[in-house]
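[1] Give me a 3D structure for the following:
(one chain, ligands or ions: 1)
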Amino acid sequence: MKHAVVGQTAENRTETHRLRDSVRRVALIGGTTTLDDCLAALYYLIHPRQLVAGAAISEFEHSFAQYIGVRYAYSFCHGRVGLYGLLRGLEIGPGDEVLLQVPTHIVVANAIRYTGARPVYVDCRLDDYNMDLAQAEQHITSRTKALVLQHTFGIPVDLDAALNLARRRSLTLIEDCVHALGATYGGRPVGSFGRAAFFSSEETKTISTTMGGMVVTDDPELATRIQNFQQSCALPSAWQTFRYILKLVLYHGMTEPHIHQYTRAIYEFFGKFNPLPQPTTDEETSGKRPTNYEQRFSNAQAALGLRQLRRLGENVSHRRAIASAYHERLTAEGFHLPRPPVKAEPAFVRYPVWVEDPDLTVRVATRRATLGTWFSSVLEEADSPACGDYEMGSCPRAERAARHLINLPTNPRVTEQDVDAIISAVIQADGLARSQDFRALFKKG
Ligand SMILES: Cc1ncc(COP(=O)(O)O)c(C=O)c1O
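    Sure thing, here's the model as predicted:
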């Protein structure tokens with residue numbers, strides 16, 4: 001592995017390092033927040049009057065727009081709320097259809113459903129888990145108004161093909177860049193290709209403000225409508241913002257690899273009681289609309305987002321270096337790995353790997369790393385895909401992917417030694433799963 005940020009070489013590891021590594025368990029998330037961010041967060045915790053409103057919001061929006069290379073950016077409490085406002089700004093409502101891919105998150109389907117429009121699901125490609133554009137075209141009807149284009153796992157869609165489709169069929173292209181802040185296509189940031197795009201800074205994404213979303217566009221008329229929607233949203237409460245900021249500080253500590261195995265156990269125990277704010281409500285997982293859905297972003301979160309945005313370049317370079325190490329090693333072992341489009345430079349918020357038995361792989365790796373299971377359902381976190389009006393059997397590739405995908409951590413704390421340990425676990429678990437499969441077949445035969 002060539003990239004300096006991923007750590008030292010195996011040869012110069014000392015005995016102390018070996019001992020330290022034996023208690024090291026890398027977390028799936030975290031690592032985007034620094035100690036200095038936590039100190040900045042503490043400032044807001046002890047100055048509650050600056051938690052909700054303040055100048056950091058417009059500064060963050062301005063910097064975000066500049067980073068993406070568009071003129072307008074508007075922040076929200078979540079990316080999903082930004083999408084909802086955007087759809088309303090586009091006057092999408094009852095009788096309209098919106099194309100989106102699976103796998104995706106239930107909250108994306110919900111944002112469409114809450115406008116009264118119908119989500120029309122399109123299968124993914126197994127090359128990059130992005131939308132099968134040829135199939136999307138077959139689903140277009142006179143009611144189709146927009147296409148939500150998701151850059152899954154931070155892998156940009158083939159945007160030349162997508163723009164061509166949107167142009168030919170007069171569709172509005174909305175980029176779902178929730179996984180992809182920092183990704184580029186042909187050297188240009190994703191989010192600057194469609195009519196508009198939405199992002200997230202929820203804690204599992206490439207930057208974290210615990211929760212948060214952003215809508216960007218270069219279209220002045222649409223921008224005014226989104227701004228009006230933003231102004232109509234409620235301000236978050238100081239208490240809620242306090243809890244988000246506290247969670248950011250706690251997560252920074254809890255995801256530190258040398259204590260993560262203990263904090264994870266404590267979290268799993270107390271997690272049942274939901275002591276910390278959760279990104280998705282019970283109403284949302286069942287497809288219903290939660291109360292207080294339409295909320296703005298806070299000043300304290302914006303100040304932290306601004307700090308993380310400034311470091312995004314090194315953060316994403318690290319993720320790419322880790323992803324290429326996974327790719328190199330797992331390719332040699334014959335694993336099915338993503339093949340991004342030629343002009344895509346992914347952000348790799350996580351690295352997806354197709355395995356025989358995801359649960360077994362997660363268990364085998366657990367001593368050294370927490371692995372991810374996005375998307376173990378075609379509609380992530382939904383009580384059932386039917387809650388988002390998804391008909392089982394309609395997108396067979398996404399359904400197969402949901403049974404086989406695990407995602408490996410790429411965050412700034414993942415080191416070369418972690419990569420070694422994670423790869424060994426993935427290989428070991430897959431070997432075990434295949435031998436079990438083989439034995440089961442043999443017994444049946
Ligand atoms: C692909 C995708 N789009 C949108 C969202 C929603 O983002 P947010 O949690 O900021 O609303 C998610 C949530 O993780 C997601 O995975």
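
[2] Could you tell me the end-to-end distance of stretch 336-351?
    End-to-end distance of stretch 336-351 (CA to CA, to the nearest Å): 12 Å.

[3] Whether it contacts the ligand - can you check?
    No. Judged by CB under 6 Å from any ligand atom, stretch 336-351 and the ligand are separated, with a smallest distance of 9.1 Å. Backbone N, C-alpha and C define where each C-beta goes, glycine included.

[4] tell me which residues of that stretch are tucked away?
    336-338, 340-341, 344-351 (16 or more other CB atoms under 10 Å).

[5] Would you check the distance separating it from the middle of the chain?
    For stretch 336-351, the separation from the chain centroid amounts to 14 Å (computed by CA atoms, centre = their mean, to the nearest Å).

[6] which ones are touching the residue of the stretch 301-445 of the chain found nearest the ligand?
    The minimum distance from the stretch 301-445 of the chain to the ligand, using CB to the nearest ligand atom, falls at E380 (6.1 Å). E380 is in contact with P103, T104, H105, I106, W374, counting by CB atoms under 8 Å, 6 or more residues apart in numbering.

[7] Let's see which of these end up in helices.
    I106 (DSSP state H).

[8] and of the contacts of E380, the nearest to L45?
    Distance to L45 across these (CB to CB) is lowest for H105, with 29.6 Å.

[9] And the spatially closest residue to the closest one that is not a sequence neighbour, how close does it get to N164?
    Among residues not flanking H105 along the chain, E380 sits closest, at 4.5 Å (CB to CB, 6 or more residues apart in numbering). Distance from E380 to N164, counting by CB to CB, to the nearest Å: 29 Å.

[10] cool, and L181?
    Computed as CB to CB, the L181 to N164 distance reads 25 Å.

[11] Who has more neighbours out of those two?
    L181 (28 against 12; other CB atoms under 10 Å).

[12] Show the contacting residues for the more buried one.
    G191, F199, S200, S201, K205, T206, I207, L312, A347.

[13] Tabulate those in a markdown table, adding columns for pLDDT, secondary structure and distance to I29.
    What follows is the contacts of L181, written out as a markdown table (pLDDT from 0 to 100; DSSP: H, G, I helix; E, B strand; the rest coil; distance: CB to CB, whole Å):
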| residue | pLDDT | secondary structure | distance to I29 |
| --- | --- | --- | --- |
| G191 | 98 | coil | 22 |
| F199 | 98 | strand | 17 |
| S200 | 98 | strand | 13 |
| S201 | 98 | coil | 12 |
| K205 | 97 | coil | 9 |
| T206 | 98 | coil | 11 |
| I207 | 98 | coil | 11 |
| L312 | 98 | helix | 16 |
| A347 | 98 | coil | 15 |
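
[14] Just name the closest of those residues to the ligand, please.
    Distances from the ligand to the contacts of L181, taken by CB to the nearest ligand atom, are shortest for S200, at 3.1 Å.

[15] Can you spell out the domain ranges of the protein, please?
    As assigned by automatic domain parsing, the chain contains the domains 2-33+254-278+312-444, 36-232.

[16] And the ones you listed, which one averages the lowest pLDDT?
    Lowest mean pLDDT within the domains of the chain: domain 2-33+254-278+312-444, at a mean of 87.

[17] Endpoint to endpoint, stretch 168-188 covers what distance?
    23 Å.

[18] Then stretch 147-158?
    Using CA to CA, first and last residues of stretch 147-158 are 14 Å apart.

[19] which stretches of the stretch 101-250 of the chain form strands?
    104-105, 118-122, 144-150, 172-176, 184-185, 188-189, 196-200, 213-217 (DSSP state E, counting those that start in this stretch).

[20] Format the ones you listed as CSV; extra columns: mean neighbour count and distance to L330.
    Listed next are these as CSV, based on neighbours: other CB atoms under 10 Å; distance: least, CB to CB, whole Å:
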stretch, mean neighbour count, distance to L330
strand 104-105, 26, 25
strand 118-122, 21, 28
strand 144-150, 24, 24
strand 172-176, 24, 27
strand 184-185, 21, 24
strand 188-189, 18, 28
strand 196-200, 29, 27
strand 213-217, 28, 33
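
[21] how about these, which one is nearest D96?
    Per CB to CB, nearest to D96 of those: strand 144-150, 4.5 Å.

[22] Can you name every helix or strand that the closest one contacts?
    strand 97-101, helix 106-114, helix 159-168, strand 172-176 (3 or more CB pairs under 8 Å, 6 or more residues apart in numbering; DSSP states H and E).
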